[in-house]
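**Q** with the sequence up front, the predicted model follows.
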Amino acid sequence: MSTKSFITAEAHLDKLGVSVQQALDLIVEHLDRPEVIFTAARQNGITNAMLNEITQVSTDTIAHYFTSAGFNHVELDYTSLLINFDLGDLENLVAFNENSGVLSNNVLSEAVRPLLNEPLTYDFTFGPIYSHIQPNDGIYDAEELGVSHLNDVPATDENIESLFYGSLINMFSVLDASELNQIEAFPKANNLDGFQALLVEALEDNSTSTEWTDQQLFDLVTEEAAEVIDLFWANDFVGVLDHSYLGVAVA
């Protein structure tokens, strides 16, 4: 799993008004209660790497500490609103949706809502789940979004919705029909590594202009968006793109 990291523990804690020493004191005080430390870390966006910085204890030891207590330490690295994995060269696919007509945010959202298992969840999909993602400063920085080239984005649900649809449109736009057929037919349950390699190869080869009409892109994006949002709510992930082909490719 390739998690992203754009910020130090000290800088992250500073956004929350907490010092490294205060965080360390809380950890030491509750060493016999891992549930307290895990919950505090999860709710405040403290990753395993940050815990390593704060405590000077290896990430392997931290992982064992939480695992022995019945917690999934990997969950602590899901801290960003858009995506929680290092996209590398695929970051260029993450962008605002500037399309109109059938590919506009309004038209896409109205089409996706009725496709969801729980249509009412749509309105809660594009806002922060944990307070550390939006610590009352009115903007999303790169760490809060999970994408290094996005910074100081006004913290509105509409902006996250636009980045969600813009990224899905860009994602399908670089796939041709043959590549998409291969992706959809691949037995990913039996060979996740092979599936990820296929996705990365297809998505990185973005020199070919899209062969899709706007209506075809609309169909592809709405189907994918509904599936991704349903998976978002069915799993304890934070990023709205974590379950998309983009997220799966680099997870």
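**A** Everything's here; your move.
**Q** next, the buried residues of stretch 105-114.
**A** Residues of stretch 105-114 classed as buried by neighbour count (16 or more other CB atoms under 10 Å): Asn105, Val107, Leu108, Ser109, Ala111, Val112, Arg113. C-beta: built from backbone N, CA, C; applies to glycine.
**Q** can you check stretch 45-53 too?
**A** For stretch 45-53, the neighbour count (16+ other CB under 10 Å) marks Gly45, Ile46, Thr47, Asn48, Ala49, Met50, Leu51, Asn52, Glu53 as buried.
**Q** how far away is the last one from Ala234?
**A** Right, Glu53. Separation of Glu53 from Ala234 (CB to CB, to the nearest Å) stands at 32 Å.
**Q** same check, this time on the fifth one
**A** Using CB to CB, Ala49 is found at 27 Å from Ala234.
**Q** ok, now the first one?
**A** With the distance defined as CB to CB, Gly45 ends up 22 Å from Ala234.
**Q** so, low pLDDT: which residues of the stretch 151-251 of the chain?
**A** Residues of the stretch 151-251 of the chain that meet the criterion pLDDT under 70 lie in 206-210, 236-237.
**Q** could you pull out the strands in it for me?
**A** Taking DSSP state E, counting those that start in this stretch as the criterion, the stretch 151-251 of the chain carries its strands at 153-154.
**Q** what residues sit buried inside the lengthiest helix in the chain?
**A** Longest helix in the chain by number of residues (criterion: DSSP state H): helix 214-234. Neighbour-count burial for helix 214-234, counted by 16+ other CB under 10 Å, picks out 217-218, 220-222, 224-230, 232.
**Q** just these now: which is nearest Pro135?
**A** Of all the buried residues of helix 214-234, Phe232 has the smallest distance to Pro135: 22.1 Å, by CB to CB.
**Q** what's the neighbour count on Pro135?
**A** 16 (other CB atoms under 10 Å).
**Q** cool, and the one 3 residues further on?
**A** For Gly138, the count of nearby residues is 10 (other CB under 10 Å).
**Q** contacting residues for the closest residue to it other than its chain neighbours?
**A** Leaving out its chain neighbours, the residue that sits closest to Gly138 by CB to CB, 6 or more residues apart in numbering is Ala155, at 5.5 Å. By CB atoms under 8 Å, 6 or more residues apart in numbering, the residues touching Ala155 are Pro128, Gln134, Asp137, Gly138, Ile139, Tyr140.
**Q** one more time with 10 Å
**A** Shown in contact with Ala155 (CB atoms under 10 Å, 6 or more residues apart in numbering): 81, 127-128, 133-141, 144-145.
**Q** what does Gly138 give?
**A** With CB under 10 Å, 6+ apart, Gly138 has these contacts: Asp152, Pro154, Ala155, Thr156.
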